[in-house]
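Undergrad: Sequence first, then the predicted structure, then my questions.
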Amino acid sequence: MNLKSHALGALLAVMASGAMAQARTIQRDVNQQQRIEQGLQSGQLTTREAAKLERGQARDSRLEARAGADGKVGPREQRRIQKSENRESRKIRREKHDAQTQ
């Protein structure tokens, strides 16, 4: 293999890992949205709690959009997004398991 094919292989690997990271982020957004919906349907979340959690999800979506606006999401941006999503996930769990019911 020559240098050109190695560079192409490396570029494809980086692009694939970026696409996989983006796919994981999208899937996580979908999962968290489903958790909120399930909490509403089961009565574990009040409408007020669900609205607050939805605003958090929207905030995460805006963060992701801003990070990807230049066409790439760097490692620092990825960590920031993941930290924010972790925080929102904990909020969903906390609200679903508190004593309030619909």
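TA: Happy to help now that I have it.

Undergrad: List the contacts of residue 38.
TA: Applying C-beta atoms under 8 Å, 6 or more residues apart in numbering, we find residue 38 in contact with residue 44. (Glycine included, C-beta is placed from N, CA and C.)

Undergrad: do you know how far the closest residue to residue 67 other than its chain neighbours is from residue 24?
TA: Residue nearest to residue 67 in three dimensions, not counting chain neighbours: residue 77, with 4.1 Å by C-beta to C-beta, 6 or more residues apart in numbering. Counting by C-beta to C-beta, to the nearest Å, the gap from residue 77 to residue 24 is 14 Å.

Undergrad: okay, the two: which has more neighbours?
TA: The residue with more neighbours, out of residue 77 and residue 24, is residue 77; 16 against 11, by other C-beta atoms under 10 Å.

Undergrad: all helices for this structure, in order.
TA: Ranges of helices within the chain are 3-42, 47-67, 75-96, based on DSSP state H.

Undergrad: As JSON lines, these with mean pLDDT would be great.
TA: Supplementary listing: the helices of the chain in JSON lines, determined by pLDDT from 0 to 100:
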{"stretch": "helix 3-42", "mean pLDDT": "75"}
{"stretch": "helix 47-67", "mean pLDDT": "93"}
{"stretch": "helix 75-96", "mean pLDDT": "94"}
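
Undergrad: Buried ones in stretch 82-91, by neighbour count?
TA: Within stretch 82-91, the residues that count as buried by 16 or more other C-beta atoms under 10 Å are 85, 88, 91.

Undergrad: what's the pLDDT at residue 46?
TA: For residue 46, the model assigns a pLDDT of 93.

Undergrad: So it sits against residue 99, correct?
TA: No - assessed by C-beta atoms under 8 Å, residue 46 is found out of contact with residue 99, at 11.2 Å.

Undergrad: Between these two, tell me which one has more neighbours.
TA: Ranked by neighbour count (other C-beta under 10 Å), residue 46 and residue 99 place residue 46 first, with 16 against 4.

Undergrad: ok, the more buried one to residue 34 distance?
TA: Residue 46 sits 18 Å away from residue 34, taking C-beta to C-beta as the criterion.
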